[in-house]
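S.K.: Sharing a model prediction with you, sequence too.
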Amino acid sequence: MIDKISWFINASPVPMVCHDADTILMANSAYSALTAISDFKKIDFKKWLTDTIKAGKNLNDLILAMADGSDVSVDVEAKTRGVLRNWLIVSKVTPGEFFRNGRLTSFQDVSIVQTKKAYWDLHVRMSMATTLLEKEIRVRREAEKKLNEMQQAMLVNAHQAGMSEIATGVLHNVGNVLNSANVGLEIIIQSIDKSEISSLYKANGLLKKNRSRLADFLTKDPKGEKLIDFYLELGEAMKSEFQGLKIESRGLMEKLQLIKGIVNSQQEYAKGRAEFKESVSLVELAESALLMQANALARHEIKVIKKFSEPSAVLVQKTKFMHVLLNLIKNAKEAMDTRECTEKVLTLEIGQINERNIFLKMSDTGQGISKENLSKVFNHGFTTKKTGHGFGLHFCANAATEMDAKISVSSEGLGHGSSFTIIFDGGHGPR
C-alpha cells in the first residue's frame with residue numbers, strides 16, 4: 001500500500017504533498033516546481049497555505065476541513081512565484097498504514113498554462129508506454145520464429161543421425177512444450193487484444209479534436225474534465241498489462257531453453273556421447289514442471305495436491321527427466337479429461353524410501369487402466385487414445401533406464417485412476 005501511494009505521488013504530474021496538521025511529510029517534484037521550495041520540512045504548511053491562497057470562504061473551508069479530519073475539494077486563487085493561478089485543491093485523509101493522522105493534498109492548476117503542460121507530459125509518457133508494448137509484441141513474434149526454426153532443426157538432426165525412434169521421442173517432447181508455449185502465446189495475444197491502448201488512442205483523439213479550445217474543453221466540458229484522471233488511471237492499467245506480458249514472455253523463453261536442451265541432448269546421443277548427469281532436487285524439478293503446466297491444469301479445472309519431503313539429491317539428465325515429468329502430467333491431464341471423471345485431482349508425492357532410495361509418485365483420478373493393458377503401457381506405439389501415438393510413456397521408460405531408475409504403473413482398473421512411480425538410487429548426499 002505504501003509503495004503504491006508513494007509511486008502515485010512521485011509519478012503524478014499534478015503537484016501533491018502528504019502532510020499532517022503543520023508539517024509536509026512528502027512532496028513530489030511537481031510541487032517543488034510550482035512553489036520553488038526545496039526543503040519542505042522546514043516550512044509551516046498551514047501558514048504557507050494562508051500566505052499563498054487569496055483570503056476568502058474557500059480558504060476557511062479548507063483550513064476547517066483539515067482541522068476536523070474530513071475530505072474537502074475547493075477552488076481558490078493563489079499566487080506562487082509571482083504568478084496568480086486558479087487552483088483546484090483536493091485534500092483527503094491518508095490510510096493509517098501510510099501516514100497516521102496524515103493527509104494527501106493536491107494542487108491542480110486549472111489555468112490553460114498548467115493544463116497544457118500536464119497534457120503534454122502525459123502524452124510523452126503514454127507514447128513511451130506504447131513503444132514498450134510494441135517491443136513486447138516484437139519479442140513474441142521473434143519467439144514464435146525461433147520455435148519454428150528449432151523444430152525444423154530437430155527434424156534435420158534426427159534424419160541425419162538415422163535414429164527414427166529417437167527422433168520420434170524428441171518431436172513428441174517438443175510437441176508437448178510447443179503446446180504449452182502456444183497457451184502462453186494465446187495469453188499474450190489476448191492481453192494485447194484487450195489492451196487499454198485503444199482507450200489511449202480515443203482519449204488522444206478527443207484532445208486533438210479540441211486542441212484549439214483545450215482550456216475550455218478540459219475545464220468546462222464533462223468529457224474533458226475527466227481526462228486527467230483517466231490518464232492517471234490508464235498508467236496503472238498499462239503497468240499491470242506490461243507485468244503480465246513480461247511474465248508470459250519469460251515463460252516462453254524458459255520453454256525455448258527447454259527445447260534447446262532437447263536438441264543438444266539428441267545431438268550428443270547421435271555423436272555417441274553420454275548426456276551429462278547432474279545432482280538435482282526432485283522437488284525443484286517437480287515444481288518447475290507443474291509451473292510450466294499450470295495454465296493447462298487450471299484450464300481443465302484439475303486440483304493439484306503436493307506431498308513433498310526434501311529427500312537426498314538424485315543424479316539425472318536434467319532436461320530429459322523434465323520431459324519425463326511433463327509427459328506424466330500430460331497423460332494424467334488427458335486421463336481426467338472425460339465426462340465420467342467428476343473429481344479431477346493430480347497428486348504428486350516425493351520422499352525417501354530408505355537411506356539410498358528416493359521415490360516420485362504421480363497419481364490421478366482419471367479413467368484408469370484395465371488389467372490387461374497394465375503390462376503394455378510402456379511399449380513403443382501402444383496407446384488407448386484416439387489421437388495418441390504411444391511415444392510418451394515409452395520415452396519415459398527408456399529415460400528412466402538411462403538414469404538408473406525404475407518406473408512402474410499401477411491401477412485398480414477402469415474408472416479408478418492410475419499411479420506412476422519412479423524409484424531412484426539417491427546416494428549422492430543431501431541438498
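M.R.: Nice, thanks for sending it over.
S.K.: Every contact and neighbour count from this point should use C-alpha atoms.
M.R.: Fine.
S.K.: Quickly note the distance from residue 415 to residue 29.
M.R.: Residue 415 sits 67 Å away from residue 29, going by Cα to Cα, to the nearest Å.
S.K.: ugh, wrong one, I meant residue 359
M.R.: Shown here: residue 359 relative to residue 29, a distance of 59 Å by Cα to Cα.
S.K.: okay, now the domains of the chain?
M.R.: 2-109, 115-270, 278-425 (automatic domain parsing).
S.K.: In JSON lines, list these along with mean pLDDT.
M.R.: Output for the domains of the chain, formatted as JSON lines (pLDDT from 0 to 100):
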{"stretch": "domain 2-109", "mean pLDDT": "80"}
{"stretch": "domain 115-270", "mean pLDDT": "69"}
{"stretch": "domain 278-425", "mean pLDDT": "87"}
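S.K.: so which helix or strand takes in the residue nearest to residue 392 when sequence neighbours are not counted?
M.R.: Sequence neighbours aside, residue 327 is the residue nearest to residue 392 in space, at 5.9 Å (criterion: Cα to Cα, 6 or more residues apart in numbering). For residue 327, the host element (DSSP states H and E) is helix 318-335.
S.K.: The longest strand belonging to the chain: what's the following helix or strand?
M.R.: Determined from DSSP state E, the single longest strand within the chain is strand 83-93. Tracing the chain C-terminally past strand 83-93 and defining elements by DSSP H and E, one meets strand 103-109 next.
S.K.: Quickly run through the sheet partners of that following strand, with directions.
M.R.: Sheet pairing of strand 103-109 (DSSP bridges) gives strand 16-19 (antiparallel), strand 83-93 (antiparallel).
S.K.: Can you show me the strands along this protein?
M.R.: Under the criterion DSSP E, strands of the chain are mapped to 16-19, 24-27, 72-80, 83-93, 103-109, 278-280, 303-308, 314-316, 345-352, 357-364, 406-410, 418-425.
S.K.: who does the second one touch, helix- and strand-wise?
M.R.: Okay, so that is strand 24-27. Packing contacts for strand 24-27, counted by 3 or more Cα pairs under 8 Å, 6 or more residues apart in numbering; DSSP states H and E, involve strand 16-19.
S.K.: Now the strand it packs on - C-alpha only, CSV.
M.R.: Extracted in CSV, the C-alpha atoms of strand 16-19 (Å, rounded to 0.1, in the frame of the first residue of the first chain):
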residue,chain,number,x,y,z
MET,A,16,1.0,16.7,-4.4
VAL,A,17,2.0,16.8,-0.8
CYS,A,18,1.4,14.4,2.1
HIS,A,19,1.3,16.3,5.4
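S.K.: Can you list the neighbours in contact with it?
M.R.: For strand 16-19, the surrounding residues in contact (Cα atoms under 8 Å, 6 or more residues apart in numbering) are 9, 24-28, 30-31, 45, 102-107.
S.K.: List the buried residues for it?
M.R.: For strand 16-19, burial by neighbour count (16 or more other Cα atoms under 10 Å) applies to 16-19.
S.K.: want to throw the residues you listed into JSON lines with distance to residue 143?
M.R.: Formatted as JSON lines, those follow (distance: Cα to Cα, whole Å):
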{"residue": "16", "distance to residue 143": "43"}
{"residue": "17", "distance to residue 143": "45"}
{"residue": "18", "distance to residue 143": "45"}
{"residue": "19", "distance to residue 143": "49"}
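S.K.: Closest one of these to residue 310?
M.R.: For these, the minimum distance to residue 310 (Cα to Cα) is 48.8 Å, reached by residue 18.
S.K.: returning to what we had before: export the strands of the chain to CSV and tack on distance to residue 338?
M.R.: Shown next, in CSV, are those (distance: least, Cα to Cα, whole Å):
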stretch, distance to residue 338
strand 16-19, 58
strand 24-27, 59
strand 72-80, 60
strand 83-93, 55
strand 103-109, 56
strand 278-280, 35
strand 303-308, 15
strand 314-316, 34
strand 345-352, 13
strand 357-364, 13
strand 406-410, 20
strand 418-425, 14
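S.K.: can you map out the helices along the stretch 51-200 of the chain?
M.R.: Assigned by DSSP state H, counting those that start in this stretch, the stretch 51-200 of the chain shows helices spanning 57-68, 112-161, 164-193, 197-209.
S.K.: And the longest strand of the chain, what's buried?
M.R.: 85-93.
S.K.: This completes my enquiry, with thanks.
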